[in-house]
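Chemist: Whatever this is, show me its structure:
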Amino acid sequence: MADPKERVEENEPGAYYVDTTCIDCDVCRDTAPDNFARSDEKGYSFVCKQPETEEERILCEEALASCPVEAIGNDG
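Modeler: Model prediction:
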């Protein structure tokens, strides 16, 4: 389970976030490419845009459920 105290700094403020346990596997970016991006400098993913539509929210939930290390959280 993602730890809200360990959010990476690049996350866009809002309900969804990525924490420091991210292993940069691409799953979230492949699942919800409009909402997740990669920090090339630091080698992990982050939420670049909070979901604005129901479709984006569903894709973010799918990314959360598919994350192999449970690095994605939803405080919403």
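
Chemist: Show me what the longest helix along the chain is packed against.
Modeler: Criterion DSSP state H: the longest helix present in the chain is helix 54-66. Contact analysis of helix 54-66 by 3 or more Cβ pairs under 8 Å, 6 or more residues apart in numbering; DSSP states H and E lists helix 27-31, strand 72-74 as its packing neighbours. Quick note: C-beta positions are derived from backbone N, CA and C, even for glycine.

Chemist: Pairing partners for Arg7 in the sheet, please.
Modeler: Residues in a beta bridge with Arg7, per DSSP bridges, are Asp19.

Chemist: oh, I was asking about Phe36
Modeler: Beta-bridge partners of Phe36, as defined by DSSP bridges: Val47.

Chemist: Show the contacting residues for the nearest residue to Asp3 once chain neighbours are set aside.
Modeler: Spatial nearest neighbour of Asp3, excluding adjacent residues (Cβ to Cβ, 6 or more residues apart in numbering): Asp19 at 5.1 Å. Residues in contact with Asp19, defined by Cβ atoms under 8 Å, 6 or more residues apart in numbering, are Ala2, Asp3, Pro4, Glu6, Arg7, Val8, Ala71, Ile72, Gly73.

Chemist: 10 Å instead, please
Modeler: 1-8, 11, 44, 46, 69-73 (Cβ atoms under 10 Å, 6 or more residues apart in numbering).

Chemist: What subset of these is buried?
Modeler: Buried by 16 or more other Cβ atoms under 10 Å: Ala2, Arg7, Val8, Asn11, Tyr44, Phe46, Ala71, Ile72, Gly73, out of the contacts of Asp19.

Chemist: out of these, who's nearest Asp26?
Modeler: Tyr44 (11.1 Å; Cβ to Cβ).
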